[in-house]
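[1] A structural model of the following input is requested.
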Amino acid sequence: MEETRASGRRRPPDWDAIRAEYEGRLFHPALICERHGITTAQLRYRREQEDWISMKASPPRKADLVARMLRVLNAQIRELERAKDMPIDKKAKVLAEEVRTLDKLIEMGAAQRNVEPPTRKDMTDLRAKLVKRLEQSAR
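    So this is what the prediction gives:
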């Protein structure tokens, strides 16, 4: 499907649309090339240069992302506990940001079916435990 301008020259490919079709798995790559008047080599080059998501890659599941984020948060808390030279106000600021991250993760987990949302008491207890751990590491 070759689109031409009034002057007779071909219009440049709409790479945003091509990428959306490719990453969205809307069409087979050969059909995408045919639809947009590009070669498979051009598609491959763009895909590699712009690091497009592969058609073979499966999208990450929400539960896997939440589990990974919890591991990252746990590592950050451990690192914060080991930081002895960091001023207490900076530690408190970092901890507040981590608690916001934890709130978001819990909110995401509660959005799943058959999971009760956390109560305010649970969140207060969790924050208190985090603060206590931070105070213990400061000693």
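
[2] tell me where this protein has strands.
    Listed in chain order, the strands of the chain (DSSP state E) amount to none at all.

[3] in it, what spans have low per-residue confidence?
    Low-confidence segments of the chain, defined by pLDDT under 70: 1-9, 59, 108-123, 138-139.

[4] if we go to 50?
    Under the criterion pLDDT under 50, the flagged ranges of the chain are 1-3.

[5] quick check: longest helix of it.
    Ranked by residue count and defined by DSSP state H, the top helix of the chain is helix 88-110.

[6] so what secondary structure elements neighbour that helix?
    In terms of contacts (3 or more C-beta pairs under 8 Å, 6 or more residues apart in numbering; DSSP states H and E), helix 88-110 is packed against helix 62-82, helix 120-138. C-beta: built from backbone N, CA, C; applies to glycine.

[7] what's the angle between the first one and helix 88-110?
    So that's helix 62-82. Relative orientation of helix 62-82 versus helix 88-110 (axes from the mean of the first three to the mean of the last three C-alpha atoms, to 10 degrees): 160 degrees.

[8] buried ones in helix 62-82, by neighbour count?
    Along helix 62-82, the positions that meet the burial threshold by neighbour count (16 or more other C-beta atoms under 10 Å) are 66, 77, 80.

[9] cool, the last one as well?
    Taking 16+ other C-beta under 10 Å as the basis for neighbour counts, the residues of helix 120-138 that come out buried are 130, 134.

[10] next: stretch 79-93.
    Burial within stretch 79-93, assessed by neighbour count using 16+ other C-beta under 10 Å, is assigned to 80, 91.

[11] for stretch 14-32, same thing?
    For stretch 14-32, burial by neighbour count (16+ other C-beta under 10 Å) applies to 18-19, 21-22, 32.
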